[in-house]
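In: A predicted structure for the sequence below; I have some questions about it.
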Amino acid sequence: MDIKTLQLLDYISTRLSNIEKNIKSLDEKVEMSLAISRNHLIRMKKDEVLDEELNLMGCPYNDLSPAKAYSIYQNKNIDFHFLDVSLVDYSCSKRPEKILHIPLEELALKAPQTLNRTTPILIISEDGLRSIQACELLIKKGFYNVNNVSGGYLFWPDKGALNP
């Protein structure tokens, strides 16, 4: 083989490798889109209210206002998990009752053992940033009814439950 043929083969090999990477990336995006659609369909089947933003933007989780999350928290007729993914384990007097503390760093390992995939999950953290990451992680792990509490503990309505 001459040098031009080898260069052409190398070019073709590089292009094929790039095409394979692009196909893999597209497969992952399609799978995520299907998971989001399935999540939305399950929520609709259960007559849950879906925010228009959730559907239009393809967001895989609800972003609840602290007031909305608090009303769910206070409703004895709603079954849900309340998950704190804060780095610091707040004392029981600071954290609302019925809340499970699993730091974000441990969530991937502990969530499948601890949480039910179909029970709604309210996720809170210090300021709401870690809870967003937790929502995204849980969606990828197959949890479908995931809800971020916007602003985290900073905006939780029952300040009495948050005082140390």
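Out: Arrived safely, thanks for sending. Residues are numbered from 1 along each chain as shown.

In: Domain map for the protein?
Out: Domains of the chain are assigned by automatic domain parsing as 1-49, 61-162.

In: Tally up the residues packed near residue 11, please.
Out: Each residue near residue 11 was counted by other CB atoms under 10 Å, and the total is 10. Every C-beta, even on glycine, is put in place using the N, C-alpha and C of the backbone.

In: meant to ask about residue 132
Out: 17.

In: cool, residue 7 as well?
Out: Neighbours of residue 7 (other CB under 10 Å): 10.

In: And for the one 10 residues further on?
Out: Around residue 17 sit 10 other residues, with neighbours defined as other CB under 10 Å.

In: Look up the closest residue to the residue nearest the centre of the chain, ignoring the ones flanking it.
Out: Computing the C-alpha centroid of the chain and ranking residues by CA atoms, centre = their mean puts residue 135 first, at 1.7 Å. Leaving out its chain neighbours, the residue that sits closest to residue 135 by CB to CB, 6 or more residues apart in numbering is residue 61, at 4.1 Å.

In: returning to that earlier point: hey, which of the domains of the chain is tucked in deepest?
Out: domain 61-162 (a mean of 17; mean count of other CB atoms under 10 Å).
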